[in-house]
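Chemist: Just a sequence and a predicted model for now, questions to come.
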Amino acid sequence: MDDDIYENVNGTESEGMNRERGVKMDDMYVNAGSVGNHDYRTNSNTQQPPQNTAGWTYFQSSFYYLSNESKSWTDSRGDCKGRKADLITINNRQEQDFVMTLTRNKEFWIGLTDSEKEGQWKWVDGSTLTTGFWASFRSITEPNGGTRENCVLTHLKRHPELIGWIDHNCDASYQWICEKSILPVTF
Ligand SMILES: [Ca+2]
Ligand SMILES: [Ca+2]
């Protein structure tokens, strides 16, 4: 019924009105486009600009929360659980790029650990790591900490040349990223 009303309205408009509307619409799109491009270049490398909702940022079916405090990896995970979430799992390049943009060369725990069995990297959801975005630069190749370093950071300020994940001492205090998926959990 609503569709019929719109058809009738359009049907009674003169050609001149339609042309004018067409021009105005074009102008609107041009303006919207330039604003959008400006935001992409200055604030974000991702295809979709993040939308912030009460401290959580939405991206591809998940909400992400960046802590302000710093805690050990285990305590960080506990905080996420208190928010009905868990530490972030990074499952593809798009998500990794999103995290890099979101964290801007700051140190955050992610939900990856080899505490159970050295060298066997597992996400907090119990899945085994398949695609990793480990840092490497010249002679340094992460992960490199053996049994001393069983938890993973997005970045390490004292090694800015390392772009990617870094295994680190789980007891050290850093900020962290929680993730809450809006997709139904599957078993
Ligand atoms: Ca380790
Ligand atoms: Ca390391």
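Modeler: Looks like it came in fine. Numbers count the residues shown, from 1 in each chain. Ligands and ions are numbered 1, 2, ... in the order given.
Chemist: Now the closest residue to residue 164 other than its chain neighbours, what are its backbone angles?
Modeler: Residue nearest to residue 164 in three dimensions, not counting chain neighbours: residue 135, with 3.5 Å by C-beta to C-beta, 6 or more residues apart in numbering. Quick note: C-beta positions are derived from backbone N, CA and C, even for glycine. When read as degrees, to the nearest 10, the backbone of residue 135 gives phi -80, psi 150.
Chemist: The one 10 residues further on too?
Modeler: In this entry, residue 145 is assigned phi and psi values of phi -100, psi 0 (degrees, to the nearest 10).
Chemist: burial measure for it, as a count.
Modeler: 15 (other C-beta atoms under 10 Å).
Chemist: And the one 4 residues further on, by the same measure?
Modeler: Residue 149 is flanked by 18 other residues according to other C-beta under 10 Å.
Chemist: Please apply the same query to residue 107.
Modeler: Neighbour count for residue 107, taken as other C-beta under 10 Å: 19.
Chemist: ok, the nearest residue to it once chain neighbours are set aside - how many residues close by?
Modeler: What sits nearest to residue 107 in space, not counting adjacent residues and going by C-beta to C-beta, 6+ apart, is residue 174, at 4.8 Å. Residue 174: 21 surrounding residues under other C-beta under 10 Å.
Chemist: Please tell me I have it right and residue 174 contacts residue 109.
Modeler: Yes. Using C-beta atoms under 8 Å, residue 174 is in contact with residue 109, at 5.4 Å.
Chemist: any residues in contact with both of the two?
Modeler: Jointly contacting residue 174 and residue 109 under the rule C-beta atoms under 8 Å, 6 or more residues apart in numbering are 76, 153.
Chemist: I am finished for the moment; much appreciated.
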